[in-house]
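Asker: The sequence and its predicted three-dimensional model are supplied below.
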Amino acid sequence: MLDPKLLRDDLASTAQRLAARGYTLDVDTLATLETRRKVLQASTQELQNERNVRSKSIGKAKASGEDIAPLLAKVGTLGEELDAAKAELSTLLAQIDTICAGIPNLPHESVPAGEDENDNVEISRFMTPPEFAFEPKDHVDVSAGLANGLDFETASKLTGSRFVVMHSHIAAMHRALAQFMLDTHTRQHGYAEVYVPYLVNHDSLFGTGQLPKFGADLFHTQPATEEGQSLSLIPTAEVPLTNIVRDSIVDEAQLPLKMTAHTPCFRSEAGSYGRDTRGLIRQHQFDKVELVQIVKPEDSFAALEELTGHAEAILQALVLPYRKMVLCVGDMGFGACKTYDLEVWLPGQQAYREISSCSNMQDFQARRMQARYRAKGAKKPDLVHTLNGSGLAVGRTLVAVLENYQQADGSVAVPEVLQPYMNGLTVIPANA
RNA sequence: GGAGAGGUGGGUGAGUGGCUGAAACCAGUUCCCUGCUAAGGAACCGUACGUUAAUUCGUACCGAGGGUUCGAAUCCCUCCCUCUCCGCCA
């Protein structure tokens, strides 16, 4: 949610900034509603004031034993007028809320212009893509060369397409990756490990911005139209982690709050059919180790650099080639003000593919969640800034390891940092 | 799942129809006093929106949403959540 003051006082320039990221703000409608709101709110409050004053006088009269009948008569139609005004005002407010809830965040000045992923700008690279002495396979074929690995056929029997069953060393490596990531973030990067629910309510989804606009991307336990009790599977641990501070005022001394969690993520991915249908890249269920920071406003951009660095540290420790991109305005997510994507090199695809996305949401989510902190000496609590990033997507990291660590004989070397997590295993042998 | 008890400001916790935006205590802020420390005293101290020269005034908010009433934290209904006991269960 944007600061309502921006929409009242700087409507035109705000609309212009939104247009840069491809969002058309209906300025005229909003301005009209806003003007009407102001008038209506003032007149409603006036009516309420009148009612309060008169009711009070009735109370006093009654207490002193006077006849209250004439006073009651005087109140007369006030109630009806007030009800009508209240009804109109609440409809109006609901209309304004609906519009405001659907407005994306404003991009930071440093974010490059552009329409889609083709306009993202490369910031840096780690390693150069390795040369293979043989034709590198993609992860599906690499796995197929092992004794037992990724099993899409069984998953589709159990559930459907875009799910996977993992066996044996691959399942163990998947687990090892998550463990390694968690350990690194908690022991070296200062994050507190958190275990969170995988089902969340609508308030949480509204808080981080998945609702009301992106409900179709989620799995719901009940029809989404049903009011109130419907729970949804988390599309990312960002939702439960960030909402921990929803509706609360955090002590300044507690900031920055740095939290990490390993969870499965569930996405119905409505818009992506036909893309990445092969392999693990785009699944309805995947694991991710998420990083979330709750910080003071003045620290959020430094925190974005730091958090992105924490995700990079994982790739570096795994010795996987990657590049760091800054997303252009058109490719950023709904609530983001600035986003870095980390793209890992996949020899099987001869391409860099997204493996982490790190964003500074500024106060966009905090305003939706009413997540605030009280600065020492300040009279009013202030909205916190929230950040999140993948550190990393576990399934895609597994893909990257399988493809980058494949060997000529069909076996897969185990990255050094994972070996302690895999009982000292150094190589996943090829199928004999 | 069954029975009961509750949800009030940053925290604890009074308040059963009008003088309660809400006692008291704790925390916090400012000041006073005592040579440090400790203790003591006084004042201030919720959020949002509108309004104002102004912390001026107004409105709303006592889990959420409805209802009754001239008037609701207080009465009624629905929902959510917490606690205790029982049942079931990894």
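Answerer: Thanks, I have it.
Asker: going forward, measure contacts between C-alpha atoms and count neighbours the same way
Answerer: Will do.
Asker: remind me which residues of chain A are low pLDDT?
Answerer: Counting by pLDDT under 70, the ranges of chain A that qualify are A:76, A:222-229, A:270-274, A:377-379.
Asker: one more time with 80, if that's ok
Answerer: Scanning chain A for pLDDT under 80 picks out the ranges A:63-79, A:222-230, A:251, A:269-275, A:374-380, A:432.
Asker: how about the residues of it that lie near RNA strand B?
Answerer: By Cα under 7 Å from any atom of the strand, the residues of chain A that approach RNA strand B are A:5, A:38, A:42, A:45-46, A:48-60, A:62-63, A:72, A:75, A:79, A:228-229, A:249, A:376-377, A:379-382.
Asker: can you tell me which of those are in helices?
Answerer: Secondary structure from DSSP state H places A:5, A:38, A:42, A:45-46, A:48-60, A:62-63, A:72, A:75, A:79 of those in helices.
Asker: For RNA strand B, give me its nearest residue in the stretch 251-400 of chain A.
Answerer: Closest contact between the stretch 251-400 of chain A and RNA strand B, by Cα to the nearest atom of the strand, is at residue A:380 (4.1 Å).
Asker: buried residues in stretch A:297-313?
Answerer: A:300-301, A:303-304, A:307-308, A:310-313 (16 or more other Cα atoms under 10 Å).
Asker: What is the burial count for the residue nearest to residue A:282 when sequence neighbours are not counted?
Answerer: Nearest-residue entry for residue A:282: residue A:276, 6.0 Å, with adjacent residues in sequence omitted and distances by Cα to Cα, 6 or more residues apart in numbering. Residues within reach of residue A:276, counting by other Cα atoms under 10 Å, total 12.
Asker: Ramachandran coordinates for residue A:276?
Answerer: Main-chain torsions, residue A:276, degrees, to the nearest 10: phi 50, psi 50.
Asker: before we move on, the earlier item: please indicate which of the ones in helices among the residues of chain A next to RNA strand B are buried?
Answerer: Using 16+ other Cα under 10 Å, the buried members of these are A:48, A:51, A:54, A:58.
Asker: residues touching the second one, list them.
Answerer: For residue A:51, the residues meeting the contact criterion (Cα atoms under 8 Å, 6 or more residues apart in numbering) are A:75, A:78-79.
Asker: how about residue A:156, what does it touch?
Answerer: Applying Cα under 8 Å, 6+ apart, we find residue A:156 in contact with A:162-164.
Asker: Helices of chain A, start to end?
Answerer: Taking DSSP H as the criterion, chain A carries its helices at A:4-9, A:11-20, A:27-63, A:69-75, A:78-101, A:139-144, A:152-158, A:168-187, A:202-208, A:238-243, A:300-317, A:364-369, A:394-404.
Asker: closest to residue A:430 out of the ones you listed?
Answerer: helix A:139-144 (9.0 Å; Cα to Cα).
Asker: quick one: contacts of that closest one?
Answerer: Outside helix A:139-144, the residues touching it (Cα under 8 Å, 6+ apart) are A:149-150, A:278-280, A:348, A:399-400, A:402-403, A:406, A:410.
Asker: got a winner among those for most neighbours?
Answerer: Highest neighbour count within the contacts of helix A:139-144: residue A:402, with 28 neighbours (other Cα under 10 Å).
Asker: And that residue, how far from residue A:427?
Answerer: Distance, residue A:402 to residue A:427, by Cα to Cα, to the nearest Å: 11 Å.
Asker: Now list whatever residues contact both of those two.
Answerer: Common neighbours of residue A:402 and residue A:427, counting by Cα under 8 Å, 6+ apart, are residue A:412.
Asker: Can you mark which positions in stretch A:145-165 are buried?
Answerer: By 16+ other Cα under 10 Å, the buried positions in stretch A:145-165 come out as A:145-146, A:148-152, A:155, A:162-164.
Asker: and which of these is nearest residue A:105?
Answerer: The nearest member of these to residue A:105, counting by Cα to Cα, is residue A:162 at 31.0 Å.
Asker: That closest one against residue A:283, yeah?
Answerer: Yes: Residue A:162 is within contact range of residue A:283, at 4.6 Å (criterion: Cα atoms under 8 Å).
Asker: Tell me the one of the buried residues of stretch A:297-313 nearest residue A:121?
Answerer: Out of the buried residues of stretch A:297-313, the member with the shortest distance to residue A:121 (by Cα to Cα) is residue A:308, at 15.6 Å.
Asker: Which strand residues bridge the residue nearest to the closest one when sequence neighbours are not counted?
Answerer: Leaving aside its chain neighbours, residue A:308 sits nearest to residue A:358 (5.9 Å; criterion: Cα to Cα, 6+ apart). On the basis of DSSP bridges, residue A:358 is bridged to residue A:340, residue A:389.
Asker: need the contact list for residue A:358.
Answerer: A:304, A:307-308, A:339-341, A:387-390.
Asker: Among these, which pair sits farthest apart?
Answerer: A:341 and A:387 (13.6 Å).
Asker: more crowded one of the two?
Answerer: A count of neighbours by other Cα under 10 Å puts residue A:387 above the other of residue A:341 and residue A:387, at 28 against 25.
Asker: what's the closest non-adjacent residue to the more buried one?
Answerer: residue A:360 is the one closest to residue A:387 (Cα to Cα, 6+ apart), at 4.6 Å.
Asker: Surely the one you found is in contact with residue A:334?
Answerer: No: the criterion here is Cα under 8 Å, and residue A:360 misses it with residue A:334 at 11.5 Å.
Asker: related to what we said a few turns ago, check contacts around the residue of the stretch 251-400 of chain A closest to RNA strand B.
Answerer: Applying Cα under 8 Å, 6+ apart, we find residue A:380 in contact with residue A:374.
Asker: Then residue A:234?
Answerer: Taking Cα under 8 Å, 6+ apart as the contact definition, residue A:234 lies against A:198-200, A:218, A:240, A:265-267.
Asker: among these, which two are most distant?
Answerer: The largest separation in these, counting by Cα to Cα, is between A:240 and A:267 at 15.2 Å.
Asker: between those two, which one's more packed in?
Answerer: Legend: neighbour count by other Cα under 10 Å for residue A:240 and residue A:267, higher for residue A:240 (25 against 18).
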